[in-house]
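Enquirer: have a look; sequence and predicted model below, questions after that.
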Number of protein chains: 2
Amino acid sequence: MAVLRRHGIRMTHQRMEVYREVTGTGEHPDAETVYRRVKRRVPAISLDTVYRTLNLFERQGLIGRVGATGDRTRFDANVKRHHHFVCMRCGRVTDFYSEALDAFSPPREVREMGHPQSLYVEVRGICKACTGTEGDGKAG
Amino acid sequence: MAVLRRHGIRMTHQRMEVYREVTGTGEHPDAETVYRRVKRRVPAISLDTVYRTLNLFERQGLIGRVGATGDRTRFDANVKRHHHFVCMRCGRVTDFYSEALDAFSPPREVREMGHPQSLYVEVRGICKACTGTEGDGKAG
DNA sequence: CTACATGCAAATCGTTTGCACTCCA
DNA sequence: TGGAGTGCAAACGATTTGCATGTAG
């Protein structure tokens, strides 16, 4: 929690719980999921507060955001440099690390387009749990 | 246009124009933009037809889809293996090629998560046109 | 105390869908 | 001709916002 205070973020019950929820798991929950879970501990919390809080944390660089899939945004508590494996069936997102990708330097071609700042990588495929599955799965 | 027929896609005036519009430029227009431009030649076309058509083309693998930024989806006429430089200020998307990325093979770590199928990469930064710009830009 | 955070409800915005009509094959 | 394609308008779902009230500091 000290992290929040250090970022000059005013401390509230709902913020603490949202923070705890997102950082307390390796999952990459969407706002709705965070909401549902935090609600168990803070029944009065509202979905828009969760959104506002998540956006605040992101602006402060406390969490990241995943999602090239287009649909709902997923949030990411891992602020270390890493990449994602995304299951195209159930949407599950898993972190992974790669020296090869970390070492990647944009080609001259890119440097001529502008000023590169970060690299976003998604390895897409089908996760173990979904392999052999026919229907969707909609798992989290 | 033969491509469309080859994919068993029933040919219509609006489909031909949408296809021409998307593939006729190196840009990565969003549905709204395609709509606005095609409308000049086919005044009666509707936005939802553009969406339906774009989705159809994508399902057929005729075009791709870009956008980890979250907001509106951009479509991509380049079906060759390539990657994107995305301007965080104006949203402009530019293709680039990279042997290094093409050679990338997911680490064991990833292969244990599931079955990788494709790689999505975005180099994010500020494009030349936006460098030195303070306000947004909202360019396309 | 006072500015900022919250809950509620309504508003946005991109995208999709139901339906009746038109048109390609 | 018949089923697929289109336009229109309404539906949708995720996310945001205005406002009055509550609360951290």
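Expert: On my side now, so go ahead.
Enquirer: next, the contact list for the nearest residue to A:G24 once chain neighbours are set aside, please.
Expert: Leaving aside its chain neighbours, A:G24 sits nearest to A:A77 (7.9 Å; criterion: C-beta to C-beta, 6 or more residues apart in numbering or on different chains). All C-beta atoms are positioned from the backbone trio N, CA, C, and that covers glycine. For A:A77, the contact set (C-beta atoms under 8 Å, 6 or more residues apart in numbering or on different chains) comprises A:22-26, A:63-64.
Enquirer: got the residues you listed as a markdown table, with distance to A:R92 and secondary structure columns?
Expert: Conversion of these to a markdown table gives the following (distance: C-beta to C-beta, whole Å; DSSP: H, G, I helix; E, B strand; the rest coil):
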| residue | distance to A:R92 | secondary structure |
| --- | --- | --- |
| A:V22 | 16 | helix |
| A:T23 | 18 | helix |
| A:G24 | 17 | coil |
| A:T25 | 12 | coil |
| A:G26 | 11 | coil |
| A:I63 | 18 | coil |
| A:G64 | 16 | strand |
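Enquirer: near DNA strand D, from those?
Expert: With C-beta under 7 Å from any atom of the strand as the criterion, the contacts of A:A77 include none near DNA strand D.
Enquirer: need the pLDDT of the residue nearest to A:G24.
Expert: With respect to pLDDT, A:A77 scores 95.
Enquirer: any low-confidence regions in chain A?
Expert: Residues of chain A meeting the criterion pLDDT under 70: A:68-70, A:133-140.
Enquirer: ok, which pair from the contacts of A:A77 is furthest apart?
Expert: Taking C-beta to C-beta as the measure, these span a maximum distance of 15.7 Å, between A:G24 and A:G64.
Enquirer: what about the two, which has more around it?
Expert: Using other C-beta atoms under 10 Å in any protein chain shown, the more surrounded residue of A:G24 and A:G64 is A:G64, with 18 against 11.
Enquirer: what's the distance between that one and A:V123?
Expert: A:G64 sits 17 Å away from A:V123, going by C-beta to C-beta, to the nearest Å.
Enquirer: now A:C87. Its backbone dihedrals?
Expert: phi -80, psi 120 (degrees, to the nearest 10).
Enquirer: swap in A:P43?
Expert: phi -60, psi -30.
Enquirer: measure it to chain B for me?
Expert: Separation of A:P43 from chain B (C-beta to the nearest C-beta, to the nearest Å): 29 Å.
Enquirer: roughly how far apart are that residue and B:R15?
Expert: From A:P43 across to B:R15, the span is 52 Å (C-beta to C-beta).
Enquirer: neighbour count for the two, which is higher?
Expert: Taking neighbours as other C-beta under 10 Å, A:P43 and B:R15 compare with B:R15 leading, 19 against 7.
Enquirer: counting by contacts, list what the one helix or strand that one maps to packs against.
Expert: B:R15 belongs to helix B:13-23 when assigned by DSSP states H and E. Helices and strands touching helix B:13-23, by 3 or more C-beta pairs under 8 Å, 6 or more residues apart in numbering or on different chains; DSSP states H and E, are helix B:2-6, helix B:31-41, helix B:47-59.
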